[in-house]
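S.K.: Sequence first, then the predicted structure:
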Amino acid sequence: MSRRAAREARSRWEAKRWCVLLAPSAFGFAELGAAPANDEKSMLGRTIEISFYDITKDISQLPIKLKFQVVKVEGHVAYTQLKQMELTRDYIRSLVRRGTSRIDAIKDVETKDGVRLRVMCMAVTQNRVKTSQKRAIRKIMFEIIDEKAAELAFDEFIQEAVLGRIAAEIEMRAKKIYPLRKAEVR
């Protein structure tokens, strides 16, 4: 690289400003990191993926990955909105073992404030179960997801899902059909 090209590349980099990325109010406007940008418009729509552990500093939240998208920029501060939540692949694989059954439920719902979501739940039983028992547990999952979505706004629903309250309710109700090892919203 010639000196002139190196100087131009350096000047392009120095022209960028760093914007601080903040989580939504549901996560207490926690700082997610910083990103370089030429101007405010180039920041809009960018996504950042972090672990929930980075926000809470709770090691039990390490398998939860959150993806945030920049929706508003004011000065050097970029405000984000939760776009996706998922569990790490290795965590899911550690739950499902030989002799157990995995039950998945995928449901499209609309929250109280009109936001449409696709919610995916997973339950792992202690032993292998019959198809009729799987169907009954899946039905309970659908009922709980529908109830929560109808009574909660988007931010409240996200908090319930991320903090594991929806999964805990699924475990409580589904254990009447068959004991579960774990239930998760993924």
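M.R.: Arrived safely.
S.K.: those helices in the protein, which residues are they?
M.R.: Under the criterion DSSP state H, helices of the chain are mapped to 3-15, 40-43, 53-56, 89-95, 131-151, 154-163, 165-174.
S.K.: Could you list the residues in contact with the longest one?
M.R.: The reference is to helix 131-151. 101, 103-105, 107, 109-112, 117, 119, 121, 123, 125, 129, 157, 160, 166, 169-170, 173-174, 177-178, 180, 183 (C-beta atoms under 8 Å, 6 or more residues apart in numbering). For every residue, glycine as well, the C-beta is placed using N, CA and C.
S.K.: circling back to that earlier point, the helices of the chain: which one's closest to E31?
M.R.: helix 53-56 (9.1 Å; C-beta to C-beta).
S.K.: from the chain's centre, how far out does the closest one sit?
M.R.: 12 Å (C-alpha atoms, centre = their mean, to the nearest Å).
S.K.: can you check stretch 151-171 too?
M.R.: Centroid displacement of stretch 151-171 relative to its chain, using C-alpha atoms, centre = their mean, is 11 Å.
S.K.: Nearest to I64, out of the helices of the chain?
M.R.: It is, among the helices of the chain and with distance given as C-beta to C-beta, helix 154-163, at 6.5 Å.
S.K.: residues in contact with that closest one?
M.R.: Here helix 154-163 makes contact (C-beta under 8 Å, 6+ apart) with 24-26, 52, 64, 66, 82, 85, 111, 113, 115, 117, 119, 148-149, 152, 165-167, 185.
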